[in-house]
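Visitor: Fold the stuff below for me.
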Amino acid sequence: MKTASIGSKSTARYSTFGAVLLVIALCMLAARIPHLVRDLHDRGPDWVGDFQYFYYAFTVAINHPSEAWILYDGDHVIPFLHEIGMLDVSAINFYGYPPQFAIIFSWLASWDVSTARIIWSGMSAVCMVTAVILTLQLSYRGGNRGAFVLLAAIVILFRPTLDEMYWGQSNALLFVLLAATFFCIERGNRYAAGLFLALAIAVKVTPMAIVGLLLLRREWRTVISTIIFSVVIAAVTAAQFGWNVILRYYIADLWRLNKQFSLLGGAPFNSSLKGALQTLSAASGTSMSPTALGAISTVFGLAVCLLAAYLVFKRHADPRIDYALATATMLLASPALESVHMVVVLIPLLILVGTTLEEPQAFSGAASGSRTELVFIALSIALLMFSPKFVSYTVAVMLIYGLCVARYFPTAVFSDRGRKTA
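Guide: Numbers count the residues shown, from 1 in each chain. Presented below is the predicted three-dimensional model:
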């Protein structure tokens, strides 16, 4: 009887709080859109500017596959960008994605750049909506519709989603592929999960960390199918470009391009630990050397990955927490973390919120542990509601990673959840 009463009160709280938050989110979105539209218009041929680099790679793949080595050659990238009308081009501009990515989407080069941009933007919007739906389904299993309203409001408040659409980046695609991976694992479709994860690795290198963590979690079929599909995608790419281009990318080009990326500056542009240290040291008047920054970033990344590996190997009682930690680890360990990359943090963030809302006592006075966790989650959301300032996004991703880690120590950190688990 008491549990039913608590559940009824929680339903009312979720509905009220979710409705208020949704109104705030929609008001903020309505205020942002006119500014973004004006800015896009003012940018002229530079709108969704990051897509132009993808278009360069797609053009190389479809028109010059035998000269694929020029994918990562700035002396060829920059003239091409000028040729298609881009105005904002610097000497540091480069294409840094795997060769497989260029092959998969090379069909877009069959259209002129303006038409291809529109198609890409439409695809990104569909990917974003689909990823959000899959993540919401994964995050919350309760029957309270108010909880879904609250989770949807968080998505709308999330600034990186707007940045992703504005710049025409690839993170909406990565988001839907990772969300589909975890969704399929939960539904028992592990071979399909492997296909989605293999495609994610073809888009970016960082999801390799998730493969390693799934291996430690003994997701054998998912890992094996990921390897098989990755080999197939690599073989198709090699048939067009040759194996030398693929191997050179992972052995040499990737590391060289990461060094070039660091020249673009630290936080808030690069919100990784490396970028944050770069900004903090410059602000204090004692700039750290690139060697020192690289060493600290590498050690930190290894520590983050090793801790996650240990925890995932133990396996949380709720597998969704393992997925959340794996995704947060992928982001926090990366030496490059732009605001658009933070789109993917919606996976651990929504899982943390959703699994907390599944507890009837989440907002009750007795559940101090859950409420403490929600305070930190709210702080993360507040930091991600706006464009990055100083090291705000670095703090946000560290908080989310820390909250994921804390779920493995319920007794020590959140005593109420610990009693429930026990």
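Visitor: now the closest residue in space to Leu213 that isn't next to it in sequence: how far from Leu332?
Guide: Leaving aside its sequence neighbours, Leu213 sits nearest to Ala326 (C-beta to C-beta, 6 or more residues apart in numbering; 4.2 Å). Heads up, the C-betas are built off the backbone N, CA and C, glycines and all. Using C-beta to C-beta, to the nearest Å, one gets 11 Å for the distance from Ala326 to Leu332.
Visitor: Between these two, which is the more surrounded one?
Guide: Neighbours per residue (other C-beta atoms under 10 Å) separate Ala326 from Leu332, with Ala326 holding more: 28 against 24.
Visitor: dump the residue contacts of that one.
Guide: 209-210, 213-214, 308, 312 (C-beta atoms under 8 Å, 6 or more residues apart in numbering).
Visitor: For it, report the pLDDT, please.
Guide: For Ala326, the pLDDT comes out at 95.
Visitor: What strand or helix carries it?
Guide: Following DSSP states H and E, one finds Ala326 within helix 319-332.
Visitor: cool, Arg256 as well?
Guide: helix 254-262.
Visitor: Quick one: list the elements packing against that helix.
Guide: Contact here means 3 or more C-beta pairs under 8 Å, 6 or more residues apart in numbering; DSSP states H and E; on that basis helix 254-262 packs against helix 290-314.
Visitor: Any buried residues in the helix it packs on, and which?
Guide: 293-294, 297, 300-301, 304-305, 308-309, 311-312 (16 or more other C-beta atoms under 10 Å).
Visitor: Touching that helix from outside, list them.
Guide: 209, 212-213, 216-217, 259, 262, 272-274, 277-278, 288, 322, 325-326, 329, 332-335, 401, 405, 408.
Visitor: ok, of these, which come out buried?
Guide: Buried, going by 16+ other C-beta under 10 Å: 209, 212-213, 216-217, 262, 272-274, 277-278, 288, 322, 325-326, 329, 332-335, 401, 405, 408, out of these.
Visitor: thinking again about what came up before, got the contacts of Ala326 as TSV, with pLDDT and distance to Ser114 columns?
Guide: What follows is these, written out as TSV (pLDDT from 0 to 100; distance: C-beta to C-beta, whole Å):
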residue	pLDDT	distance to Ser114
Ala209	92	36
Ile210	94	35
Leu213	92	41
Leu214	93	40
Ala308	95	43
Val312	93	45
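Visitor: Relative to Ser124, which of those residues is nearest.
Guide: Ile210 (21.3 Å; C-beta to C-beta).
Visitor: contacting residues for that closest one?
Guide: 178, 181, 197, 200, 326-327, 330.
Visitor: JSON lines please, covering those and showing distance to Asp112.
Guide: JSON lines is the format used below for these (distance: C-beta to C-beta, whole Å):
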{"residue": "Leu178", "distance to Asp112": "31"}
{"residue": "Thr181", "distance to Asp112": "34"}
{"residue": "Leu197", "distance to Asp112": "33"}
{"residue": "Ala200", "distance to Asp112": "29"}
{"residue": "Ala326", "distance to Asp112": "40"}
{"residue": "Thr327", "distance to Asp112": "36"}
{"residue": "Met330", "distance to Asp112": "35"}
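Visitor: circling back to that earlier point, taking the contacts of Ala326, tell me the two that lie furthest apart.
Guide: Leu214 and Ala308 (11.6 Å).
Visitor: Thought Arg141 was touching Leu357, still the case?
Guide: No - using C-beta atoms under 8 Å, Leu357 is not in contact with Arg141; the gap is 9.9 Å.
Visitor: Of these two, which one has the most company?
Guide: Leu357 (26 against 14).
Visitor: out of everything not next to it in sequence, what's closest to that one?
Guide: Closest to Leu357 by C-beta to C-beta, 6+ apart is Ala147, at 4.5 Å.
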